[in-house]
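Asks: Fold the stuff below for me.
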Amino acid sequence: MKNPKVSILMTVFNHQKYIKSSINSILSQTFKNFEFIIIENGSTDKSGEIISKIKDKRIKLFKIKKNIGRTKGLNYGLKKCNGKYIVIQDSDDNSKKNRISIQYKFLEKNIDVALVASNYNIIDERNRIIKKQRFNSDLYKYPNKILFNNIIAHSTVMYHNKIIKEFGGYPKNFIYAQDYAFYLRVIKKYKIKLLNET
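Replies: Numbering: from 1, shown residues only. Okay, here's the model as predicted:
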């Protein structure tokens, strides 16, 4: 797709149990105008093999021979994203069919919001709900909510591509919690909204 509205970014490392379900949850979205950037980050299991068997023109697969870590993998993938908005989909998570549609419509309507996220369910290997996480909030009105606790699940976010160019991607000096560090940078300057959706 030459001019996708949305770029979905997934980095993969040794998630052969979950990768097919995770990818299919994106391919079955009601929103269709997207490119799907998958970074196969040096997996030593069958993740790469499973991905290669899934045929869809929207998938753009990039294979890295040796794992470069989560942060570098994300930033590498961001350089491949052409959409107006970027969606994060972790390779062991599933998105509901209307996720992208809801978030896209919200950002198009609320141009003052740079990043939108949502509630989420924690599930087990059989898709049974273990815990429901509910945070409906305008974080720009209550920024203290994330100063000491990351309540934003990375796999629920959609944000403007333009802020990546401004901030230079995810903070390179963070091996872990790079998403949290990114949110804290964003909220200093822009509005973040948590939708009352799961």
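Asks: Strands of this structure, residue ranges please.
Replies: Taking DSSP state E, the strands of the chain run over residues 6-12, 34-41, 59-64, 85-88, 113-118, 120-123, 129-133, 137-138, 158-160, 191-195.
Asks: The shortest one packs against which elements?
Replies: To tie it back to what came earlier, the one meant is strand 137-138. Applying 3 or more C-beta pairs under 8 Å, 6 or more residues apart in numbering; DSSP states H and E, one finds that strand 137-138 contacts strand 191-195. (C-beta placed from N, C-alpha, C; glycine too.)
Asks: May I have the strands that pair with the strand it packs on, each with its orientation?
Replies: Strand 191-195 pairs in its sheet with strand 113-118 (parallel), strand 137-138 (antiparallel), by DSSP bridges.
Asks: which of the ones you listed is buried the deepest?
Replies: Using mean count of other C-beta atoms under 10 Å, the stretch among these with the largest mean neighbour count is strand 113-118, at a mean of 23.
Asks: Give me the contact list for that one.
Replies: Residues outside strand 113-118 that contact it (C-beta atoms under 8 Å, 6 or more residues apart in numbering): 99, 102-103, 106-107, 152-153, 156-160, 163, 183, 186, 189-198.
Asks: Going by neighbour count, which of those residues are buried?
Replies: With burial judged by 16 or more other C-beta atoms under 10 Å, the buried subset of the contacts of strand 113-118 is 99, 102-103, 106-107, 152-153, 156-160, 163, 183, 186, 190-195, 197.
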